[in-house]
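Undergrad: Fold the following, please.
(one chain, ligands or ions: 1)
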Amino acid sequence: MKRAARRWWRAARGDILPDRAWDQLCRRMALLSRYTDGERIRLRETVRQFLREKTCEGAGGLTVTDRIRRIVAAQACVPILELGMEWYRGWVSVVLYPATFLARQQYTDESGVVHELERPLIGESWDQGPVILALESVEESAFGKCEGNVVLHELAHKLDLLNGHANGMPPLHASMSRRAWTRAFSQAYDHLAGTINRGAEAPFDEYAVEDPGEFFAVMSEEFFLNPQLLLCHYPAVYGQLQAFYRQDPASRYQSPT
Ligand SMILES: [Zn+2]
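TA: Okay, the predicted model is just below:
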């Protein structure tokens, strides 16, 4: 097919993720640039599927553009590259606010009284419901302008919620051991909590020890963003996440000789 004809065909077909947009994402997002060419081809297909199957809606006056959709989808598909879209079953919608948003939450105090409070958040995942994200943080995460990654974090919660509770244990593959997972994660959790309680410098975000669900989400972020750091501090957690996500991001870094 001649170039002009090919261009016309692609426009008529309405490629949801055109070459130029994808190349730009791969160049600008460190998270994507680490993959081999072959993996990026598969990742692009997963991103296309995400864009077809999930909706991105604006809230708080935000208009969601195709560029924003692609930035969300590209990050969201990294954890499921080797798992498949099936792992994002049970929900369809991503809701985006321009920046930090207020979420109304309930908690029960020790005497059984229920309190309602509003908390400023950059991300939230509802069981069987939407993923809610602050666009400002999504962009900072995408382009390495902050330490963590809110998209990886919230989607880790979604994977965790697949078996009903955000308790730090998503449904494990048949080849994996629940005992080994629990041992690896609880030892690392206790170690990080102890380090923070002693006032020593913690290698990971203190928010991780809020509860086991947050620990899994933060460790998932580190697995993809700083895999060598995680491998160095908590090799057993790295090993469990490697088996779960079926990826080995630390192997993509050359060790200094
Ligand atoms: Zn969280």
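Undergrad: Isn't D205 up against V150?
TA: No - the criterion here is Cβ atoms under 8 Å, and D205 misses it with V150 at 11.9 Å. Placement of C-beta: from N, CA and C, glycine included.
Undergrad: out of the two, which sits in the more crowded spot?
TA: Set D205 next to V150 and count neighbours by other Cβ atoms under 10 Å: V150 wins out with 25 against 17.
Undergrad: need the contact list for that one.
TA: By Cβ atoms under 8 Å, 6 or more residues apart in numbering, V150 lies in contact with 122-123, 133-134, 137-138, 141.
Undergrad: Out of those residues, name the ones that lie in helices.
TA: Of these, the ones assigned to helices by DSSP state H are 137-138, 141.
Undergrad: among those, who's most crowded?
TA: Neighbour max across those (other Cβ under 10 Å) = S141, 28 neighbours.
Undergrad: Now do that residue against I122, distance only.
TA: 9 Å (Cβ to Cβ, to the nearest Å).
Undergrad: Now the residue nearest the centre of the chain: which helix or strand?
TA: Central residue of the chain (Cα atoms, centre = their mean): L152, 1.2 Å from the mean position. Secondary structure from DSSP states H and E places L152 in helix 150-161.
Undergrad: Output that helix as CSV, restricted to C-alpha atoms.
TA: Written as CSV, here are the backbone C-alpha positions of helix 150-161 (Å, rounded to 0.1, in the frame of the first residue of the first chain):
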residue,chain,number,x,y,z
VAL,A,150,-0.3,6.9,41.5
VAL,A,151,-1.6,4.9,38.5
LEU,A,152,0.5,1.8,39.4
HIS,A,153,-0.5,2.3,43.0
GLU,A,154,-4.3,2.4,42.4
LEU,A,155,-4.2,-0.4,39.9
ALA,A,156,-2.3,-2.6,42.4
HIS,A,157,-5.3,-2.0,44.7
LYS,A,158,-7.6,-3.1,41.9
LEU,A,159,-5.6,-6.4,41.5
ASP,A,160,-5.7,-6.8,45.3
LEU,A,161,-9.5,-6.3,45.3
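Undergrad: any bit of that helix sitting next to the ion?
TA: No - counting by Cβ under 5 Å from the ion, the ion is not contacted by helix 150-161; separation bottoms out at 5.5 Å.
Undergrad: can you tell me how far M176 sits from the ion?
TA: M176 sits at a distance of 23 Å from the ion (criterion: Cβ to the ion, to the nearest Å).
Undergrad: Tell me the predicted confidence for A4.
TA: Model confidence at A4, given as pLDDT, is 62.
Undergrad: ugh, typo on my part, it should be M1
TA: Taking M1 on its own, its pLDDT is 55.
Undergrad: Next, the distance between the ends of stretch 144-157.
TA: Using Cα to Cα, to the nearest Å, the end-to-end distance of stretch 144-157 comes to 21 Å.
Undergrad: Number the residues from 44 up from this point.
TA: I'll keep to 44 as the first residue from here, and by that count the last item is stretch 187-200.
Undergrad: Could you tell me which residues make contact with the closest residue to Y277 other than its chain neighbours?
TA: Distances taken as Cβ to Cβ, 6 or more residues apart in numbering place A231 nearest to Y277, at 4.2 Å, with adjacent residues excluded. A231 is in contact with 258, 262, 276-277, 279-280, counting by Cβ under 8 Å, 6+ apart.
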